[in-house]
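Visitor: Fold the following and give me the result.
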Amino acid sequence: MMAEEEKQEKIKKEEQDAGEEDISQKLQKCEKKRDEYLAGWQRARADFLNYKKEETERITGLAFFAQVEIILKNLEILDVFDKAKQETGKVLEEHPCPDLKRMREGFLQVGKQMRDALKKYDIEEIETKGEKFDPNFAEAVEEIESDAESGIIVEEIQKGYKIAGKVLRPARVKVAK
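Guide: Have a look, this model is predicted:
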């Protein structure tokens with residue numbers, strides 16, 4: 001009878017070992033699936049974060065280009081102010097008049113306020129006169145004879161502007177031959 005009990009115990013032990021192996025295999029399969037799901041979730045999260053970043057950049061870019069159009073229109077107005085500043089200066093030289101001088105000062109104040117407003121948005125003039133011509137910041141409209149060294153900007157036809165260090169509108173200039 002003892003041999004019979006030993007056989008049954010041996011069979012139970014084998015079944016138990018087989019059950020443990022089966023559980024171990026199931027656990028390994030579950031862990032593998034868990035790792036696959038975790039990796040998939042991490043990829044999906046990374047994709048979503050990249051999409052979110054790209055969308056933010058795209059919307060920011062669209063807003064920037066909308067602003068650029070408005071800014072360029074305002075720069076045209078500022079160009080008219082600059083032209084009027086030159087002309088009123090010539091008129092005052094020919095016909096000194098205190099009233100005209102006060103009107104010009106008020107007019108110049110409006111131009112200064114416009115320039116100050118542009119500075120708030122990190123828009124600045126590109127300094128060109130007397131500088132070496134750089135096609136990244138200026139457009140040469142004419143080469144003229146001058147006492148200046150060749151390649152030096154001698155006259156500015158239209159001011160150029162930068163926004164956050166990037167060219168918004170290149171200066172239009174005359175360059176020494």
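Visitor: and the helix or strand containing Thr60, what's its mean pLDDT?
Guide: Counting by DSSP states H and E, the element that carries Thr60 is helix 2-94. In this model, helix 2-94 has a mean pLDDT of 85.
Visitor: Dump the next helix or strand after that helix to PDB, keeping only the CA atoms.
Guide: Sequence-wise, the next helix or strand downstream of helix 2-94 (DSSP H and E) is helix 98-120. Output of helix 98-120 as PDB, limited to C-alpha atoms (Å, rounded to 0.1, in the frame of the first residue of the first chain):
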ATOM      1  CA  PRO A  98       7.300 128.800 -35.700                       C
ATOM      2  CA  ASP A  99       3.900 127.400 -36.300                       C
ATOM      3  CA  LEU A 100       5.100 125.100 -39.000                       C
ATOM      4  CA  LYS A 101       8.000 124.100 -36.800                       C
ATOM      5  CA  ARG A 102       5.600 123.100 -33.900                       C
ATOM      6  CA  MET A 103       3.400 121.200 -36.400                       C
ATOM      7  CA  ARG A 104       6.500 119.300 -37.600                       C
ATOM      8  CA  GLU A 105       7.500 118.400 -34.100                       C
ATOM      9  CA  GLY A 106       4.000 117.000 -33.400                       C
ATOM     10  CA  PHE A 107       4.200 115.100 -36.700                       C
ATOM     11  CA  LEU A 108       7.600 113.700 -35.700                       C
ATOM     12  CA  GLN A 109       6.300 112.700 -32.300                       C
ATOM     13  CA  VAL A 110       3.700 110.500 -34.000                       C
ATOM     14  CA  GLY A 111       6.500 108.800 -36.100                       C
ATOM     15  CA  LYS A 112       8.500 108.300 -32.900                       C
ATOM     16  CA  GLN A 113       5.500 106.600 -31.200                       C
ATOM     17  CA  MET A 114       5.100 104.300 -34.200                       C
ATOM     18  CA  ARG A 115       8.800 103.300 -34.000                       C
ATOM     19  CA  ASP A 116       8.500 102.800 -30.200                       C
ATOM     20  CA  ALA A 117       5.400 100.500 -30.800                       C
ATOM     21  CA  LEU A 118       7.500  98.500 -33.300                       C
ATOM     22  CA  LYS A 119      10.300  98.100 -30.800                       C
ATOM     23  CA  LYS A 120       7.800  96.600 -28.300                       C
END
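Visitor: Pull out the buried positions in helix 98-120.
Guide: Arg104, Gly111, Leu118 (16 or more other CB atoms under 10 Å). All C-beta spots, glycine's among them, are computed from the backbone N, C-alpha and C.
Visitor: how close does the first one get to Met114?
Guide: If I follow you right, that is Arg104. Distance of Arg104 to Met114, computed by CB to CB, to the nearest Å: 16 Å.
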